[in-house]
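Colleague: turn this into a structure:
(2 chains)
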Amino acid sequence: MRNRVKELRLERDWTQQELGARLGMSRQAIIAIENGRFDPSLRLAIRLSRLFKKRVEELFLLEE
Amino acid sequence: MVENERQSLFGDLWREAAESWCAMSFAARMSFVAGLAGFVALNLFPALNWFPWNVIPDTALSALRVAFLMVLLAGAVANARVGDEFYQRVHLLACAYTLVAGCVIVYALSQFGMDLGSTTIAVFVAVWAVAVWAVAVVASFAVLRR
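Modeller: Numbers count the residues shown, from 1 in each chain, chains lettered A, B, ... in the order given. A predicted model of the protein is given here:
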């Protein structure tokens, strides 16, 4: 699964710490999601999509 | 613009551990500290003869050790629960590693004729399990943050 979390975070000039704080998540969780090492739960994916004002499928891309 | 804020493995681990400690309730922190202190004291001090431990019946001493271990584990579980879903994944992986490594250790001990029922070996196994768990947490953390 690829995602655009890093790209969208950098567009907004947010640090990983800042994004984590906005979501109530640790910085490590953000690092792991951005690096594709950790797929977030549906709940967190929806919260991310709302924060970035994108649809979930625009944020997370399933590679066939 | 910050591209990557990742620091050293142990630096990150220490910082996150401190944050999770601060996020725990007072009761959970006390449970962890009291459980750890009691468990260490009741296992270490009798061997050092710092106190006439023989005045305490063996059964009572054993019950106290088990009770303190349970209090310690309650604190450890409370600490795991304050983590976000990433840390819950770290703990899950650590438990999986511990289970596999623990099986190998216990099997090896039995093959070398060590009696798992004796107090000494039981303490060693408990300490090994805790040590393996600690290593497993670091390993899981390293794998997931890579």
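
Colleague: in chain A, which spans are helices?
Modeller: A:5-11, A:16-23, A:27-34, A:42-52, A:56-59 (DSSP state H).

Colleague: interface residues of chain A facing chain B?
Modeller: Contacts of chain A with chain B, taken as Cβ under 8 Å from any Cβ of the partner chain, map to A:10, A:13, A:15-17, A:24-29, A:31-33, A:35, A:37-38, A:40-41, A:44. (Each C-beta comes from the backbone N, C-alpha and C, glycine too.)

Colleague: can you tell me which of the residues you listed are buried?
Modeller: By neighbour count, with 16 or more other Cβ atoms under 10 Å in any protein chain shown, the residues of chain A next to chain B hold A:16, A:25-29, A:31-33, A:35, A:38, A:40, A:44 as buried.

Colleague: lowest mean pLDDT among the helices and strands of chain B, which one is it?
Modeller: Within chain B, no helix or strand scores below helix B:119-145, which has a mean of 78 by mean pLDDT, DSSP states H and E.

Colleague: in that helix, what counts as buried?
Modeller: Buried residues in helix B:119-145, counted by 16+ other Cβ under 10 Å: B:Val125, B:Trp128, B:Ala129, B:Val130, B:Val132, B:Trp133, B:Ala136, B:Val137, B:Ser140, B:Phe141, B:Leu144, B:Arg145.

Colleague: out of these, who's near chain A?
Modeller: Near chain A, by the rule Cβ under 8 Å from any Cβ, you find B:Phe141, B:Leu144, B:Arg145 out of the buried residues of helix B:119-145.

Colleague: correct me if wrong: the last one contacts A:Ser26.
Modeller: Same thing as B:Arg145. No. Look at B:Arg145 against A:Ser26 with Cβ atoms under 8 Å: they stay out of range, at 10.4 Å.

Colleague: and the buried ones among the residues of chain A next to chain B, which is closest to chain B?
Modeller: Checking these against chain B with Cβ to the nearest Cβ, the nearest one is A:Ala29 at 3.5 Å.

Colleague: for that closest one, give its distance to B:Leu9.
Modeller: 16 Å (Cβ to Cβ, to the nearest Å).

Colleague: how about the nearest residue to A:Phe52, chain neighbours excluded?
Modeller: Of all residues not flanking A:Phe52 in the chain, A:Leu8 sits nearest, at 4.7 Å (Cβ to Cβ, 6 or more residues apart in numbering or on different chains).
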